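>>> here is a sequence together with a model predicted from it:
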There are 2 protein chains.
Amino acid sequence: MNADKIPDIIIGRLPIYLRALQRMSEKGKKTTSSQELGENVGISAAQIRKDISQFGEFGKQGTGYSIAFLMDKLREILKVHRMWEVAIVGVGDIGHALARYQGFKDRGFQVVMIFDSDSSKIGQKVGEYTIEDASKMVERIRTEKVKLAMVTVPASTAQEVADKLVQAGIKAILNYAPTSINVPKNVRVQYIDPATHLQRMTYYLD
Amino acid sequence: MNADKIPDIIIGRLPIYLRALQRMSEKGKKTTSSQELGENVGISAAQIRKDISQFGEFGKQGTGYSIAFLMDKLREILKVHRMWEVAIVGVGDIGHALARYQGFKDRGFQVVMIFDSDSSKIGQKVGEYTIEDASKMVERIRTEKVKLAMVTVPASTAQEVADKLVQAGIKAILNYAPTSINVPKNVRVQYIDPATHLQRMTYYLD
């Protein structure tokens, strides 16, 4: 299997399958079918079988998928069978919420440092973290070899922050700032912007 | 132009173009090209021209796009030339952040009511809003004819909340709960789940 050969749209569905399987598992379920999983996530059973078969034969005709086994495989494929350290840049409302969010750890992520440039915030505690000085960010991230960052700064400073993160060796940015950012080809960016998501839906409304 | 005929993947890119145009306009720019817009959002100029031409001829060979005109057209297409009222259900950290977020109004959205089922929260103020009793939610939403909701409740109650929202006449849900929800075909759902977005990127990392 070659990372370059699987379409990104398929990769994007795998975390959704994994999340649904995790919920089934929490409820004590042991096996599932592509039908059941499909009803759960709103994707056709055929699409799910096709997506999963890209990576091997993980189910059995008639008996379906072992939830634990398929979760293991998906975690391996998505590389979240290990724990990834994540930095948060910008500790406003959203940064606060992310620093206190309990849902990362069982999905492969651990926040390890949070930064802000506001001197009145530096040194303050948020959950278990102490807000660090953003001017030390590049050095700190580089020293700790952190590869992922969540950016929750205003749109006006997002590009500057992204440039510094790239300089620090960050390879994946989850950008909450409501603006596009430019990064080198070897750095991934995903966007979370509620207004963009809402606008994508209003198109279909009367 | 027929809403059913434009692929959803194109619709999904329009809010991104609109956001970039809005940022250019704030900086005082009057015109842009598909090249410039493309560099801004990380999408090829050819793709942008193709996407926009689905809806008409909005640019001129050689002179490019008038930013104000293209913004008007995109707002019309996405139906955000009007203001949409939005309800927030669940006032934890994320609900708080959304209720206080200043970036909705100039993009077509206004939060009009926020709900929680925790009696210790009901009646409290968050920004300009007073937290309302979730048990009155269906009636309140139906009376005010609100069509959009953002759901920031725990995964365990997300489906129950979604069912009530559908009952209340909500047609589009932005779901922050880390779980899939099932709704009738005439209701749209978009998901915001940071762990899912991060997992989509770790696939590509070493």
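Structure received.

>>> where in chain A is pLDDT low?
Along chain A, the model assigns pLDDT under 70 to residues A:1-4.

>>> wait, doesn't residue A:65 sit right on residue A:33?
Yes. If you go by Cβ atoms under 8 Å, residue A:65 and residue A:33 touch, sitting 7.1 Å apart. In short, each C-beta sits where N, CA and C put it, glycine included.

>>> looking at these two, which is more packed in?
residue A:65 (24 against 16; other Cβ atoms under 10 Å in any protein chain shown).

>>> so after the biggest strand by length in chain A, what's the next helix or strand?
The longest strand of chain A (DSSP state E) is strand A:109-116. Proceeding N to C from strand A:109-116, the next assigned helix or strand is strand A:125-126, under DSSP states H and E.

>>> can you tell me what sits against the helix ranked longest in chain A?
The residue-count maximum for a helix in chain A (DSSP state H) belongs to helix A:8-26. The contact list for helix A:8-26, computed with Cβ atoms under 8 Å, 6 or more residues apart in numbering or on different chains, reads A:32, A:37, A:40-41, A:43, A:47-48, A:51-52, A:54, A:67-68, A:70-71, A:74-75, A:77-78, A:80, A:106-107, B:155, B:178-180, B:191, B:193, B:195-197, B:199-200, B:203-204.

>>> and residue A:174, how close does it get to residue A:71?
Relative to residue A:71, residue A:174 is positioned 22 Å away (Cβ to Cβ, to the nearest Å).

>>> settle it for me: which of those two has more neighbours?
residue A:174 (24 against 18).

>>> how much space between the residue nearest to that one when sequence neighbours are not counted and residue B:43?
Leaving aside its sequence neighbours, residue A:174 sits nearest to residue A:150 (Cβ to Cβ, 6 or more residues apart in numbering or on different chains; 4.5 Å). Using Cβ to Cβ, we find residue A:150 at a distance of 23 Å from residue B:43.

>>> can you check residue A:142 too?
For residue A:142, the distance to residue B:43 - Cβ to Cβ - is 31 Å.

>>> who has more neighbours out of these two?
The neighbour comparison of residue A:142 against residue B:43 (other Cβ under 10 Å) goes to residue B:43, with 18 against 13.

>>> need the three-state assignment for that one.
Per DSSP: H, G, I helix; E, B strand; the rest coil, the secondary structure class of residue B:43 is coil.

>>> what residues does it make contact with?
By Cβ under 8 Å, 6+ apart, the residues touching residue B:43 are B:13, B:16.

>>> next: residue A:70.
By Cβ under 8 Å, 6+ apart, the contact set of residue A:70 is A:17, A:21, A:32, A:52, A:58-59.

>>> what segments of chain A are strands?
Under DSSP E, chain A gives strands at A:31-32, A:65-66, A:84-89, A:109-116, A:125-126, A:129-133, A:148-151, A:172-175, A:188-191.

>>> what lines up beside the fifth one in the sheet?
Same thing as strand A:125-126. Applying DSSP bridges to the sheet, strand A:125-126 is found paired with strand A:129-133 (antiparallel).

>>> try the third one
Strand A:84-89 has the following sheet partners, assigned by DSSP bridges: strand A:109-116 (parallel), strand A:148-151 (parallel).

>>> spatially central residue in chain A, please.
In chain A, the centroid-proximal residue (Cα atoms, centre = their mean) is residue A:174; its distance is 7.1 Å.

>>> tell me the spacing between it and residue A:9.
Distance, residue A:174 to residue A:9, by Cβ to Cβ: 19 Å.

>>> give me the contacts around the longest strand of chain A.
With contacts defined as Cβ under 8 Å, 6+ apart, strand A:109-116 is touched by A:80, A:83-91, A:95, A:98-99, A:104, A:122, A:126, A:129-134, A:136-137, A:140-141, A:144, A:146, A:148, B:195, B:198.

>>> filter those down to just the buried residues.
The neighbour-count test (16 or more other Cβ atoms under 10 Å in any protein chain shown) marks A:80, A:84-91, A:95, A:98-99, A:104, A:122, A:126, A:129, A:131-132, A:134, A:137, A:140-141, A:146, A:148, B:195, B:198 as buried among the contacts of strand A:109-116.

>>> which positions in stretch A:44-56 come out as buried?
Buried-residue list, stretch A:44-56, by 16+ other Cβ under 10 Å: A:48-49, A:51-52.

>>> nope, stretch A:157-175 is what I was after
Residues of stretch A:157-175 classed as buried: A:157-159, A:161-162, A:164-166, A:168, A:170-175 (neighbour count, 16+ other Cβ under 10 Å).
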